[in-house]
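Colleague: Please work out how this folds:
(one chain, ligands or ions: 1)
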Amino acid sequence: MSAEVIYGNELAQSLRDEMKKEVTELRNKGIIPGLTVVLIGDDPASKSYVKGKQKASDYVGVDSELIELPDTTTQAQLLSLINELNEKESVHGILVQLPLPSHIEEQVVIEAISPEKDVDGFHPINIGRMMTGKDTFFPCTPYGIIQMMKSKNISLEGKHAVIIGRSNIVGKPVGQLLLNENATVTYCHSRTKEMEKYIESADILIVAVGKANFINGGDHIKEGAIVIDVGVNRIEDGSLTGDVDFDSAKEKASYITPVPKGVGPMTITMLMHNTIKSAKKINGLA
Ligand SMILES: Nc1nc(=O)c2c([nH]1)NC[C@@H]1CN(c3ccc(C(=O)N[C@@H](CCC(=O)O)C(=O)O)cc3)C=[N+]21
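Modeller: Model (predicted):
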């Protein structure tokens, strides 16, 4: 088999076109969706992601403000900035780019953001809402992954979804969303024994490990599986590569996502979705 490639950039483009229309209508009603991105330090990867967010905001018509702070910023300074943004009426979404410098506690910062402006979907209130099957801000990468499969009319019900990686921002929440879609979910991680046994039984394989070529040779991928590559690994030559060796996995899978042009552009698109949703909600429209 040779898999059909799910291009996240193409789906992202068509969704952004729809959002652009919606934002035009909102603006005609005097509602201007506003996103503030806070970037601490000058990590080049973070800068590049943030640029992608600015570009998407400009395209769909979200007012986006970038606040860049030095890596000497204290936790107290960041918390006081978040408080201001929580109160600021023109701001519907607040995103603090992760990772943060080691002297700042990520979880404290995440919990300081108003759940009603938490467009990343990282606040425990929103995670709890997601876990109990409520509509809320879903974390952007997991939500984008679900949208990619839905765009191909892939049924998730009863499928065995195997997730490799258990981060709070990807692995754990994507499992939760898949469970909400009636998939059977298995989490694998660095302490899992005989991981290949789980991989072999996966109808949907989601790889969010952060290691280039973590899945190599396509050996244990089930024939016809759906392979979602969440890796964003910058390799020596400066190019971006996923966690999955694409060419070999493509021979086994029925659908596969590439890196770049896969999950990444969808992550940013779901951030736009959440920001627009927040603007509507705050203005009593949703
Ligand atoms: N609070 C917070 N929220 C995040 O959503 C968040 C974060 N922190 N920290 C870092 C990760 C990573 N992330 C990506 C977003 C887009 C691409 C993306 O668009 N990638 C393009 C290529 C970009 C390039 O070439 O540099 C692609 O895959 O085609 C990648 C990675 C969001 N993150």
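Colleague: Tell me which helix or strand comes right after the strand or helix carrying Glu251.
Modeller: Using DSSP states H and E, Glu251 sits within helix 246-252. Downstream of helix 246-252, the next assigned helix or strand under DSSP H and E is strand 255-256.
Colleague: now check whichever helix or strand comes after that following strand, is it near the ligand?
Modeller: Next in sequence after strand 255-256, counting helices and strands by DSSP H and E, comes helix 263-282. Yes. Interface with the ligand: helix 263-282 contributes Gly264, Pro265, Thr267, Ile268 (Cβ under 6 Å from any ligand atom). Quick note: C-beta positions are derived from backbone N, CA and C, even for glycine.
Colleague: Considering those residues, which possesses the most neighbours?
Modeller: Within these, Thr267 tops the neighbour count with 26 neighbours, counted by other Cβ atoms under 10 Å.
Colleague: Show the model's pLDDT score for it.
Modeller: Note for Thr267: predicted pLDDT of 98.
Colleague: cool, Ser46 as well?
Modeller: You'll see Ser46 listed with a pLDDT of 92.
Colleague: so how far is Leu95 from it?
Modeller: Using Cβ to Cβ, to the nearest Å, Ser46 is found at 11 Å from Leu95.
Colleague: can you count the residues close to Lys159?
Modeller: Using other Cβ under 10 Å, Lys159 has 20 neighbouring residues.
Colleague: do the same with Asn153
Modeller: Neighbourhood size, Asn153 [other Cβ under 10 Å]: 6.
Colleague: hang on, it in a strand?
Modeller: No. Using DSSP: H, G, I helix; E, B strand; the rest coil, the assignment for Asn153 is coil, not a strand.
Colleague: circling back: need the residues of helix 263-282 next to the ligand in CSV with distance to Ser151, can you?
Modeller: Formatted as CSV, the residues of helix 263-282 next to the ligand follow (distance: Cβ to Cβ, whole Å):
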residue, distance to Ser151
Gly264, 16
Pro265, 13
Thr267, 15
Ile268, 16
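Colleague: so which of those residues would you say is closest to the ligand?
Modeller: Proximity of the residues of helix 263-282 next to the ligand to the ligand (Cβ to the nearest ligand atom) peaks at Gly264, which lies at 2.5 Å.
Colleague: hang on, isn't that closest one packed against Asp229?
Modeller: No. If you go by Cβ atoms under 8 Å, Gly264 and Asp229 don't touch, sitting 10.1 Å apart.
Colleague: so who does the spatially closest residue to Ala249 that is not a sequence neighbour touch?
Modeller: In space, and not counting its chain neighbours, Ala249 is closest to Gly218: 4.8 Å by Cβ to Cβ, 6 or more residues apart in numbering. The contact partners of Gly218, by Cβ atoms under 8 Å, 6 or more residues apart in numbering, come to Asp245, Ser248, Ala249, Lys250, Glu251, Lys252.
Colleague: Next: Glu25.
Modeller: Taking Cβ under 8 Å, 6+ apart, one finds nothing in contact with Glu25.
Colleague: does it sit in a helix or strand, and which one?
Modeller: In this structure, Glu25 sits in helix 8-28 according to DSSP H and E.
Colleague: Next, the angle from that helix to helix 263-282.
Modeller: Interaxial angle of helix 8-28 relative to helix 263-282 (axes from the mean of the first three to the mean of the last three Cα atoms, to 10 degrees): 20 degrees.
Colleague: what packs against the following helix or strand past helix 8-28?
Modeller: Later in the chain than helix 8-28, the nearest helix or strand by DSSP H and E is strand 34-40. Packing partners of strand 34-40 (3 or more Cβ pairs under 8 Å, 6 or more residues apart in numbering; DSSP states H and E): helix 44-60, strand 63-69, helix 75-87, strand 93-96, helix 263-282.
Colleague: What residues are bridge-paired with Val207?
Modeller: Beta-bridge pairing for Val207 (DSSP bridges): Ile164, Asp229.
Colleague: All further residue positions should be reported with the first residue as 57.
Modeller: New numbering, starting at 57: the last item is Val263.
Colleague: Who does Glu124 form a beta bridge with?
Modeller: Leu95.
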